[in-house]
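J.: coords please:
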Amino acid sequence: MIKLLWIIILLLSQTILFAQSFDADEILNKVKSKINSVEDYSADVTIKVDVNFLKVPESHAKLYFKQPDKIKMESDGFALLPRQGLNFSPLYLLREDYTSLYAKEDTVNGYSVHLIKILPLSDSSNVILSNLYIDQTELIVRKIETTTKNSGTVTLELTYENEAEHALPSEMKITFKVEQMNLPPGMTGEFETNQETQKDGKLTGSVIVEYKNYLVNSGLSDEFFEDDK
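T.: Have a look, this model is predicted:
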């Protein structure tokens, strides 16, 4: 019995030491550095919505971005997501004060990843906890699970093709399941609602955003974004 106890203690100590061999902040800094290598970009965007009480047509847009937060979108008249949602970046989770914790090694869609937990330190933050799954080789975010105070849990899965070196995804899939969710203010477009589902206050679904024809670091001017005001 004593021998078994010592074996358990040894295994636990090895697990703790293994986890401590990875520095969460060091990994996050490398991810941030890669993302910040993009000064600006443009891309063609396709938005596909699958929500249980909405019938939404496929939407297309042209998206422009410039550091740190300039965004311009030219669309065909409908956009479910705010423009900030189309310009995905995990940096929005890392701008305020937070503490990070290395959890474990894991896999996402066959990729070896680091699982890092992000806990905001501000009481005013809407985010309670975020799990970031970071590719061990590419240092890009493969998946994010975020639990919020007001909007339940949202999961983002990111796929990369030609712009992995710039941490720019070719596809972003957002899935959510919440008890109550308000549609984004300023949402436009034609859609139909299922009143019974809406009455229950439950919403499940997904949004898939596809990005094509990236043009990175082309030197977009500040004046270009001022025309969008």
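
J.: When you work out contacts or count neighbours from here on, use the C-alpha atoms and nothing else.
T.: Will do.

J.: which residues touch the closest residue to Leu121 other than its chain neighbours?
T.: Nearest-residue entry for Leu121: Tyr98, 5.0 Å, with adjacent residues in sequence omitted and distances by Cα to Cα, 6 or more residues apart in numbering. Tyr98 is in contact with 118-122, counting by Cα atoms under 8 Å, 6 or more residues apart in numbering.

J.: Test of understanding: give the bridge partners of Tyr98.
T.: Pro120 (DSSP bridges).

J.: per-residue confidence at it?
T.: pLDDT recorded at Tyr98 is 89.

J.: and Leu63, how far is that from Ser206?
T.: With distances taken as Cα to Cα, to the nearest Å, Leu63 is found 20 Å from Ser206.

J.: should've said Ser130
T.: For Ser130, the distance to Ser206 - Cα to Cα - is 19 Å.

J.: Settle it for me: which of the two has more neighbours?
T.: Ser130 (21 against 18; other Cα atoms under 10 Å).

J.: was I right about the more buried one contacting Thr147?
T.: Yes - shown here, Ser130 and Thr147 form a contact pair, counting by Cα atoms under 8 Å, at 6.3 Å.

J.: picking up where we left off before, for Val31, see how far away the residue nearest to Leu121 is.
T.: For Tyr98, the distance to Val31 - Cα to Cα - is 16 Å.

J.: what residue ranges in this protein score low on pLDDT?
T.: Segments of the chain classed as low confidence (criterion: pLDDT under 70) are 1-20, 52-54, 76-88, 178-203, 227-229.

J.: do that again at 50, thanks
T.: Within the chain, the set of residues satisfying pLDDT under 50 comprises 3-12, 14, 180-181, 183-199.

J.: Which residues does the residue nearest the centre of it form beta bridges with?
T.: By Cα atoms, centre = their mean, the chain has its centre lying nearest to Leu156, at 4.9 Å. Applying DSSP bridges to Leu156 gives these bridge partners: Ile144, Ile174.

J.: re the thing from before, now list the buried members of the contacts of Tyr98.
T.: By neighbour count, with 16 or more other Cα atoms under 10 Å, the contacts of Tyr98 hold 118-120 as buried.

J.: From those, pick the one nearest Pro57.
T.: Distances from Pro57 to the buried ones among the contacts of Tyr98, taken as Cα to Cα, are shortest for Ile118 (35.1 Å).

J.: quick one: buried residues of the helix or strand harbouring that closest one?
T.: For Ile118, the element it lies in under DSSP states H and E is strand 111-120. Of all the residues in strand 111-120, those buried under the rule 16+ other Cα under 10 Å are 112-120.

J.: between those, which is closest to Lys104?
T.: Leu115 (5.4 Å).

J.: How many neighbouring residues does the residue nearest to that closest one when sequence neighbours are not counted have?
T.: Nearest residue to Leu115 in three dimensions, chain neighbours excluded: Tyr133, at 4.7 Å (Cα to Cα, 6+ apart). For Tyr133, the count of nearby residues is 26 (other Cα under 10 Å).
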